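Participant: this is the structure alone, sequence omitted:
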Ligand SMILES: O=c1ccn([C@H]2C[C@H](O)[C@@H](COP(=O)(O)OP(=O)(O)OP(=O)(O)O)O2)c(=O)[nH]1
Ligand SMILES: [Mg+2]
């Protein structure tokens, strides 16, 4: 279990801090911190505040924002950036780019859970410039080079 600092940006979030819904949950649901319902027309997207900020601090971690399965599959509410990446040094409010990829308008209610946050380990890399790589089995083959079946 990792300890992370969290800051309340909107007071309405004070009693609704993100929490794992079950002991085995990987994601924490993020709420739409809205004053009034927000209707996303078909294929419209809008940046939605969550009312909270986190500071991961350790560059060995990041957080990713993912769609909720039900909203995405049943209503087409996914993310305008497909996946949100939260840097370990980001201290601003968590924002969700809510995109209605469906052909029907969808209304997000204030405080509705619209996306989920997953904290993940990250390895920062140091690059060593070389002229050639030692040959691997794959070499430069990709994009289906191993066949279909
Ligand atoms: O869905 C998202 C994606 C990003 N962010 C915040 C946290 C992240 O650390 C910061 C920058 O995100 P990113 O690096 O993906 O965006 P950028 O377009 O490269 O902006 P920047 O130039 O600020 O890095 O924006 C969010 O709140 N929600
Ligand atoms: Mg960036």
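Facilitator: All right, it came through fine. Because the structure is predicted, anything quoted here is derived from the model rather than measured. Residues are numbered from 1 along each chain as shown. Ligands and ions are numbered 1, 2, ... in the order given.

Participant: starting at the chain centroid, how far to stretch 118-138?
Facilitator: Between the mean C-alpha location of stretch 118-138 and the chain-wide mean there is a distance of 24 Å, by Cα atoms, centre = their mean, to the nearest Å.

Participant: for stretch 3-21, same thing?
Facilitator: The gap between the average C-alpha position of stretch 3-21 and the chain average comes to 16 Å, counting by Cα atoms, centre = their mean.

Participant: would that stretch count as contacting ligand 1?
Facilitator: No - among the residues of stretch 3-21, none lie within reach of ligand 1 under Cβ under 6 Å from any ligand atom; the closest is 11.5 Å away. C-beta: built from backbone N, CA, C; applies to glycine.

Participant: and residue 70, that's in a strand?
Facilitator: No - under DSSP: H, G, I helix; E, B strand; the rest coil, residue 70 falls outside any strand and is assigned helix.

Participant: count of residues packed around it?
Facilitator: By the criterion of other Cβ atoms under 10 Å, residue 70 has 10 neighbours.

Participant: that one and residue 116, how far apart?
Facilitator: Taken as Cβ to Cβ, to the nearest Å, the spacing of residue 70 relative to residue 116 amounts to 11 Å.
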